[in-house]
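>>> pasting the sequence and the predicted coordinates here, then a few questions.
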Amino acid sequence: MSNYDVIIIGGGPAGLTAAVYCRRRELKTLVIAKAVGGQAALAHEVQNWPGTESISGFELTQQMKAQADKWGAEFISDEVLAVAEGEKILVKTTQGEYQTEAVILAFGLTPRDLGVPGEKEFTGRGVSYCATCDGPLFKNKSVAVVGGGNAASEAAEYLSRLAKQVFLLSDTCDAAAEATLVDKVKAIKNISVTCGLKVVSIEGEGQVASIKYTDLKNNENKKLSLDGVFIEIGYSPKTAWLKGVVDLNERGEVQADKAGLTSVKGIFAAGDCTDVGFKQIVIAAGEGAKAALSAYKYLAANKGQTARPDWGEKK
């Protein structure tokens, strides 16, 4: 069984930054992730990464991965099933088991689904949760984007460059997206914005052909013919496997203090899977750095060593 100083669960900005900081402190580090980059890698364009005016999420996270590689972090593509305490922490995956002195939880969030008939059946056959990934499949076709926040507006804006017609549908007319983004979307000719409706089913034969929805203003049921549905209603933490291991809040987010410490010694957390107030790439990266430094201090103390001080600390 392989042994590590730190195992990082998750390969998004938090996990990748943590990997860089762990390796800079010469900790034997393993990153376990189903896909490197996480949700950030799916962003068509990132305009708020400091020092970079514009970059795709994929390119940004690949640069992070390359930096972690350069410092010597190990990566495996796998899914973690359980974390168990003991003399050492045991991390169980679908492919094996690993022992470690410390764990950093940094697995981000999972897209929420609508939970309507036809959604699961047509996933990959017209239903998508990633406009950047699947948008090119819908060139010159009609698609709907379901959601009222920034992610939905950004997806609609991107898809308008590819699709013939984009319907941006939301159950509320209180705009949750940033005002500048809302104005930008409304100005695009092939985007039709409709609020106050609820999607009740997705239909088709082998492929999405239409959606049924209820107009909440008059409770009237209607049907909209289209070729694809992009669901952008936010994300939730996939933390059921951590119940009874670390403390979770009412939303299922991992509870961590400002240094990234969870309720269990040796287990740290960072990024969007935690109860941090803002879900942003730059914040996730910073949280990953903090969790890594906290893990380093924890491991040094366990060995009776003095951790190298950070800038601003007394030596």
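Alright, I've got the coordinates.

>>> the closest residue to residue 67 other than its chain neighbours: neighbour count?
In space, not counting the residues next to it along the chain, residue 67 is nearest to residue 20; the distance is 5.5 Å by Cβ to Cβ, 6 or more residues apart in numbering. C-beta here means a position set from N, CA and C on the backbone, and glycine is covered the same way. Other residues within reach of residue 20 by the criterion other Cβ atoms under 10 Å amount to 21.

>>> repeat for residue 234
With other Cβ under 10 Å as criterion, residue 234 counts 16.

>>> hey, what's residue 166 bridged with?
residue 143, residue 191 (DSSP bridges).

>>> picking that back up, the residue nearest to residue 67 belongs to a helix?
Yes: assessed with DSSP: H, G, I helix; E, B strand; the rest coil, residue 20 lies in a helix.

>>> which residues touch the lowest-mean-pLDDT helix or strand in the chain?
Lowest by mean pLDDT, DSSP states H and E among the helices and strands of the chain is helix 131-134, with a mean of 82. Helix 131-134 has contacts (Cβ atoms under 8 Å, 6 or more residues apart in numbering) with 42-44, 57, 128, 145, 154-155, 158-159, 228, 230, 232.

>>> helix/strand/coil for residue 212?
Going by three-state DSSP: residue 212 is strand.

>>> low pLDDT regions in this structure?
309-315 (pLDDT under 70).

>>> longest helix in it, please.
helix 281-302 (DSSP state H).

>>> got the end-to-end distance for stretch 164-178?
Start to finish, the residues bounding stretch 164-178 are 25 Å apart (Cα to Cα, to the nearest Å).

>>> in that stretch, which residues are buried?
165, 166, 167, 168, 169, 170, 171, 175, 177 (16 or more other Cβ atoms under 10 Å).

>>> stretch 1-18 too?
Buried-residue list, stretch 1-18, by 16+ other Cβ under 10 Å: 4-18.

>>> over to stretch 100-108?
100, 101, 102, 103, 104, 105, 106, 107, 108.

>>> now, among the buried residues of stretch 164-178, which is nearest to residue 96?
residue 177 (42.8 Å; Cβ to Cβ).

>>> from residue 95, how far out is that closest one?
40 Å (Cβ to Cβ, to the nearest Å).

>>> kindly report the same for residue 287.
28 Å.

>>> more crowded one of these two?
Using other Cβ under 10 Å, the more surrounded residue of residue 287 and residue 95 is residue 287, with 28 against 11.

>>> which stretches of the stretch 151-300 of the chain form helices?
179-186, 281-302 (DSSP state H, counting those that start in this stretch).
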